[in-house]
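Asks: Just need the structure, nothing else, for what follows:
(2 chains)
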Amino acid sequence: MTGGGVEVADLTVRFGGVTSLDGMNVTFEAGTCGLIGPNGAGKTTFFNVLSGFVRPVTGTVRAFGEDLLSMVHFRRARWGVRRTFQTEQSIEELSVFDNVAMVHEHARLAGTSRRQDVLGAIAFVGLQADPSARVSTLAAGERRLLEVARAVVGRPKLVLLDEPAAGLPDEETRHLSQVIRAIPEQTGALTILVDHDMSLVSACCETTAVLDFGKLIASGPTAGVLRDEHVIRAYLGTAEET
Amino acid sequence: MLDTASRTAAGRQLPRLRRPGRRTLTQAGVIAVLFLFALLALPQLLSLYYVDAMTQVVVYSMVTLGLGVLVGRVGLVSLGQAAVLAIGAWVAARLLFATGQPYPLVLLEAGVITMVLGTLIGLPALRLRGLYLALITLMLAGAITVVITTTNFPNGGHGFLGYNGSTVHIPAIRRPSIASSDPAYYRYAVVVAALMFLLAGVHIRTRPGRAWAAIRQSEPAALAAGINTWLYKLWAFALASFITGVAGGVLAGAVHYLYSINFPTQDSITLLAVVLMGGAYSLWGAIIAALLLQLLPALLNNWGVSADWLTILFGVGVLQVLTTAPRGLADQVPKDLARLGRLLGRRPRPAAPSGGEPG
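Replies: Numbering: from 1, shown residues only, chains lettered A, B, ... in the order given. Now for the predicted structure:
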């Protein structure tokens, strides 16, 4: 079906002589999709293209029928692109509530109760902290959950999670993977999860795409992709490119 | 859309948002008492010399407030605020000589005109940050100082500039009729400053304040949250310039005569130093900064000590702030007092049991 999901066609990004993304073609259809690959494969660059921080040399991205690349970066969040960053970016000066409310108020949502939505998002991620507590008093795991709450508040269409479990202990990673799995059902948003740790991806994602040196080397149902010999080779680092 | 009921392990109920606690109420009480004290009691207690000094403190507390918003809230270092103050004073003086408009209206107009000009000074901030922004704003401030030195401040003359070259018979810049004496004008200034603090406080606690906090922490993250960072950075410059312009208007009436020599470019650097010392992250910091900047020299002057020592003191102060107390005196003093209180409170306790037990 046209207009469904995120269709990436012929996406190329260069930084000087380095080609970060090399003619990437992939479609993320629905649900929670994984995007994996070794360090430097271009995963975060891909997210930066979607957020508008990096301008590709060639290629198009259509998200639910809209030409995403023609949108100004800050308008993309209003339209429905939400993301988290590898290094967690919740705002220390503000309270938990204000951190989430800030995203909500710039999304220009008509006819919704900000308070309900914000508290709903905080409850959804299972953040136990007092909403009026300052973020600087939160533990690392709570801050990660807060970032996810910021990504799901309001009406996101596309949620991009960039290594959301980095540095978390197993227990908290398990909780986080439950939350991530619930995002599409809860919000209706297509969720893309970037990680180089396969365990979180295999726990959360029905489909997975694999990047290596800026090229898409596999995509499809997660279990199949993880057994793919190209993928295994990319991860083990044997340089026998076809 | 987010349902309120959650399917995850987390609870099904919405977390509760706490009502303003005792701390907020105490804070509001302290602010009210201090405001009333500054407004009513202070001019009764002080000599005219110190009333004038305190008027300067009040004026500069608005300037440091504006700079504090830029530096502390948004992370934009501007070294042009003394020039912005001069613009405000110039515009207000010109309007006061040219028209018979009521004083509050003149202050408002001075604020708005300064806001437009100050926002232009802030335009480089859209591309630059940190040292480079500081340098550019310093250069612009220098340029403004040159212009004002050439045109001079209005002193009742004719034409657009309103400068009358003759040195005899310079009319004083008028004050509001209800505040012609120095103590009354001081009170007038306190009320205006309180309104400016209120304006800044409302900004900080609402949407722009949250956006600024996001920008200060990380611009990409702010953009990803849907914040138009250009708009909010210019907004910060507009607010700071408005407040500083109003301060310039109050200054014009306070001193009666304005001279370009009183607005040297390096004042902007001193302003930044005291803002850092006072604490750029708190509104109290602005008041502390203004006390450092205006009350200290008045005290030293009265004691017969050269105010030049302050340059050294501010240098040491900034060094101390940058190394040990990045949030300034506004944060450090209450902490130190609390620590002192704990120390004093703890003293007798170890003494009591040790008296009962043999050593």
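Asks: need the helices for chain A, in chain order.
Replies: For chain A, the helices defined by DSSP state H cover A:43-51, A:73-79, A:96-106, A:114-124, A:140-152, A:170-187, A:198-204, A:222-227, A:229-236.
Asks: longest single helix anywhere in chain B?
Replies: Chain B, longest helix under DSSP H: helix B:229-255.
Asks: distance between it and the chain's centre?
Replies: Distance of helix B:229-255 from its chain centroid, counting by C-alpha atoms, centre = their mean, to the nearest Å, is 10 Å.
Asks: again with stretch B:219-238
Replies: The mean C-alpha position of stretch B:219-238 is separated from the chain mean by 22 Å, C-alpha atoms, centre = their mean.
Asks: Pull it out as CSV, backbone CA atoms only.
Replies: Taking Å, rounded to 0.1, in the frame of the first residue of the first chain, the C-alpha atoms of stretch B:219-238 are listed here in CSV:
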residue,chain,number,x,y,z
GLU,B,219,20.2,22.3,20.3
PRO,B,220,19.7,19.1,18.3
ALA,B,221,17.6,17.7,21.1
ALA,B,222,15.6,20.9,21.2
LEU,B,223,15.0,20.8,17.5
ALA,B,224,14.0,17.2,17.8
ALA,B,225,11.4,18.2,20.4
GLY,B,226,9.9,20.5,17.8
ILE,B,227,11.3,23.8,19.2
ASN,B,228,11.9,26.5,16.7
THR,B,229,15.3,27.4,18.2
TRP,B,230,15.7,30.5,16.1
LEU,B,231,12.5,32.0,17.3
TYR,B,232,13.2,31.2,21.0
LYS,B,233,16.8,32.5,20.8
LEU,B,234,15.6,35.8,19.3
TRP,B,235,12.8,35.8,21.9
ALA,B,236,15.4,35.7,24.6
PHE,B,237,17.3,38.6,23.1
ALA,B,238,14.0,40.5,22.7
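Asks: Are the longest helix of chain B and chain A in contact anywhere?
Replies: Yes: judged by C-beta under 8 Å from any C-beta of the partner chain, helix B:229-255 and chain A are in contact via B:T229. Quick note: C-beta positions are derived from backbone N, CA and C, even for glycine.
Asks: on contacts alone, who are the packing partners of the helix or strand just after that helix?
Replies: Counting by DSSP states H and E, the element after helix B:229-255 in chain order, helix or strand, is helix B:267-278. Applying 3 or more C-beta pairs under 8 Å, 6 or more residues apart in numbering or on different chains; DSSP states H and E, one finds that helix B:267-278 contacts helix B:48-68, helix B:81-98, helix B:130-151, helix B:283-290, helix B:309-324, helix B:329-346.
Asks: Now distance to chain A, mean neighbour count and mean pLDDT too, for those, in JSON lines please.
Replies: Putting the helices and strands packed on helix B:267-278 into JSON lines (distance: least, C-beta to the nearest C-beta, whole Å; neighbours: other C-beta atoms under 10 Å in any protein chain shown; pLDDT from 0 to 100) gives the following:
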{"stretch": "helix B:48-68", "distance to chain A": "14", "mean neighbour count": "25", "mean pLDDT": "95"}
{"stretch": "helix B:81-98", "distance to chain A": "22", "mean neighbour count": "26", "mean pLDDT": "93"}
{"stretch": "helix B:130-151", "distance to chain A": "19", "mean neighbour count": "17", "mean pLDDT": "90"}
{"stretch": "helix B:283-290", "distance to chain A": "14", "mean neighbour count": "25", "mean pLDDT": "92"}
{"stretch": "helix B:309-324", "distance to chain A": "18", "mean neighbour count": "14", "mean pLDDT": "88"}
{"stretch": "helix B:329-346", "distance to chain A": "13", "mean neighbour count": "13", "mean pLDDT": "85"}
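Asks: Nearest to A:A218, out of those?
Replies: Across those, A:A218 has its closest neighbour in helix B:130-151 (43.4 Å, C-beta to C-beta).
Asks: pull the CA atoms of the next helix or strand after that closest one into CSV?
Replies: Under the assignment DSSP H and E, the closest C-terminal helix or strand after helix B:130-151 is helix B:182-205. Only the C-alpha atoms of helix B:182-205 are listed here, as CSV (Å, rounded to 0.1, in the frame of the first residue of the first chain):
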residue,chain,number,x,y,z
ASP,B,182,15.1,60.7,45.5
PRO,B,183,13.4,58.3,47.9
ALA,B,184,10.2,58.4,46.0
TYR,B,185,12.0,57.8,42.7
TYR,B,186,13.8,54.8,44.3
ARG,B,187,10.4,53.4,45.2
TYR,B,188,9.2,54.0,41.7
ALA,B,189,12.2,52.1,40.4
VAL,B,190,11.6,49.2,42.8
VAL,B,191,8.0,48.8,41.5
VAL,B,192,9.2,48.9,37.8
ALA,B,193,12.0,46.4,38.6
ALA,B,194,9.5,44.1,40.4
LEU,B,195,7.3,44.1,37.3
MET,B,196,10.3,43.2,35.1
PHE,B,197,11.3,40.3,37.5
LEU,B,198,7.7,39.2,37.3
LEU,B,199,7.8,39.3,33.5
ALA,B,200,11.0,37.3,33.4
GLY,B,201,9.7,34.9,36.0
VAL,B,202,6.6,34.2,34.0
HIS,B,203,8.7,33.6,30.9
ILE,B,204,10.9,31.1,32.7
ARG,B,205,8.1,29.1,34.2
